[in-house]
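**Q** Sharing a model that was predicted from the sequence below.
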Amino acid sequence: MSNSNLQSSNRLGAKAVELTNANPSGLEEKRSPKFGGSSPTKKMPEKSSKLIFSLFLMANLLINYDGGVIPASLEQIENELHISYTQEAALGSLVYVGLSAASLFVSPTFQRFQAKNILGFMLLLKAISCGLFSVCSNIVVLYTLRLLMGMTQAFCVIYAPVWVNEFSPKERSTTWMGILHAFVPIGIMVGFVFAAIIANYFAGILTWRFAFQVQAIGEVPIALFFFFQDNKKIDVLADQKELSKARKKDLKDQNAINSSQKVVRMDTINYNEVKSIVQQTKMILGNRTLVLTSVSLCSLFYVVTGVQYWSSLYMIRIMKMTPEYAMISFGFIAITAPLAGVFVGGLTSDSLVIFRWATLLIKLK
């Protein structure tokens, strides 16, 4: 081969690597070897990945289930506990306070312990909280339990998208992500409809407390399933943890161990490099896309959550709807638009990814 041909071949190879490694989103991608990149970070049989994905879906449904139970039971809760609108609002909002507070500790916890044990333990703790909530009447205890519910569900809420990004089939990654997020409104709707049926048709037999007991019972088998799964199929940091364990056996100097650790990115905050909250805040605020997306989501959920929480009570007391009609109206609204949005968005994003790879092949040719 002549020198000119060799140089041309080298330039083409370099161009292929450059195009393959290009990532407009700024996130690490799983690249196929035939495109010149590294091999996929995780490989799992499709049957196993679908099983784990199903566990995350059911967990996502159940941990959001109480978000529908309370709005559908506000009138019952008010009459039984004799609480004000402000106290009712606190019962709904403390879950999000707990979720936000616990999110600061999710990443370091998953870096230190096995993911399957964390998910299983937190789901069990959530189930216990729901069970206790269903039998307590003291408003302070109820506040504490709602806060604990939010803290325990934070681990699954934050980790599930990370798992999907790592283990899902590349060609269906965004679709899986859309399905995962779709189970949030599905869980809320299931909880709302179930609690509304109890309130409207079994008022003399069952109360809103039974709906929470069903949630507690349903979360236990999901938690046990996580405990008995192979951690390598769940933990995106399993390989790095094994490497760290092996190094600890060989190296006696703790400082040498710390300096040899690989930096592992699990979310937008890298806890191996960034130690201070000030540095973390600067890093987040420097990401304009993240900031704008977060502000948009906050504005969106400010409206959606308020409407979702108070709509049924407003329909019954102000608009003078029957409870049955209010239930049907809310159920229809809650299930149509969110599901359509996540599915269409997921399919569109996957199509764009396929189009991008097709364009890359054309350029390489």
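**A** Yes, it's here. Numbers count the residues shown, from 1 in each chain.

**Q** mind listing the strands for this protein?
**A** With DSSP state E as the definition, the chain shows no strands.

**Q** show me where pLDDT drops low in it?
**A** Within the chain, the segments meeting pLDDT under 70 span 1-43, 248-278, 334-335, 337-339, 342-343, 346, 349-365.

**Q** Run through the helices of the stretch 51-200 of the chain in chain order.
**A** With DSSP state H, counting those that start in this stretch, the ranges of helices along the stretch 51-200 of the chain come out as 85-112, 115-133, 139-167, 173-201.

**Q** Would you mind listing the buried residues in the shortest one?
**A** It refers to helix 115-133. By 16 or more other CB atoms under 10 Å, the buried positions in helix 115-133 come out as 115-116, 118-133. In this view, the C-beta of every residue, glycine as well, is placed from N, C-alpha and C.

**Q** need the contact list for the residue sitting nearest the centre point of the chain.
**A** Here the mean C-alpha position of the chain is nearest to the C-alpha of Val157 (CA atoms, centre = their mean), at a distance of 2.9 Å. Neighbouring residues of Val157 by CB atoms under 8 Å, 6 or more residues apart in numbering: Asn60, Ile63, Leu99.

**Q** which residues sit in contact with the last one?
**A** This means Leu99. So Leu99 contacts Gly150, Met151, Gln153, Ala154, Val157 (CB under 8 Å, 6+ apart).

**Q** what two of those are the furthest from one another?
**A** Met151 and Val157 (10.9 Å; CB to CB).

**Q** I'd like the distance between the residue nearest to Phe56 when sequence neighbours are not counted and Ile318.
**A** When the adjacent residues along the chain are set aside, Phe56 lies closest to Ala160, with 4.6 Å between them (CB to CB, 6 or more residues apart in numbering). Separation of Ala160 from Ile318 (CB to CB, to the nearest Å) stands at 37 Å.

**Q** now Ile179
**A** 36 Å.

**Q** From the neighbour counts alone, determine which of these two ranks first.
**A** When Ile179 and Ile318 are compared for neighbours, Ile179 comes out ahead with 21 against 9, by other CB atoms under 10 Å.

**Q** Is that one in contact with Asn60, as I believe?
**A** No: counting by CB atoms under 8 Å, no contact exists between Ile179 and Asn60, whose distance comes to 9.6 Å.

**Q** check contacts around Ile52.
**A** Contacts of Ile52 (CB under 8 Å, 6+ apart): Met44, Trp163, Phe167, Gln229, Lys233, Ile234.

**Q** and those residues as a markdown table, adding distance to Tyr85 and neighbour count?
**A** A markdown table is the format used below for those (distance: CB to CB, whole Å; neighbours: other CB atoms under 10 Å):
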| residue | distance to Tyr85 | neighbour count |
| --- | --- | --- |
| Met44 | 48 | 19 |
| Trp163 | 39 | 24 |
| Phe167 | 44 | 22 |
| Gln229 | 43 | 19 |
| Lys233 | 46 | 18 |
| Ile234 | 42 | 24 |
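
**Q** Tabulate these (a markdown table), appending distance to Val220.
**A** Shown next, in a markdown table, are the contacts of Ile52 (distance: CB to CB, whole Å):
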| residue | distance to Val220 |
| --- | --- |
| Met44 | 26 |
| Trp163 | 21 |
| Phe167 | 24 |
| Gln229 | 15 |
| Lys233 | 21 |
| Ile234 | 18 |
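
**Q** Could you single out the nearest of the residues you listed to Glu88?
**A** Among those, and counting by CB to CB, the member closest to Glu88 is Trp163, at 34.8 Å.

**Q** show me the contacts for that closest one.
**A** So Trp163 contacts Ile52, Phe56, Ala115, Ile234, Val236 (CB under 8 Å, 6+ apart).

**Q** and the residues you listed as TSV, adding distance to Leu81?
**A** Compiled in TSV, those are given as follows (distance: CB to CB, whole Å):
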residue	distance to Leu81
Ile52	39
Phe56	34
Ala115	38
Ile234	39
Val236	42
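
**Q** Which two among these are spaced furthest apart?
**A** Every pair of those checked by CB to CB; the farthest is Phe56 and Val236, at 12.8 Å.

**Q** Have a look at those two and say which one is more surrounded.
**A** Phe56 (23 against 20).

**Q** Isn't the more buried one up against Ile158?
**A** No: at 11.8 Å, Phe56 does not count as touching Ile158 under the criterion of CB under 8 Å.
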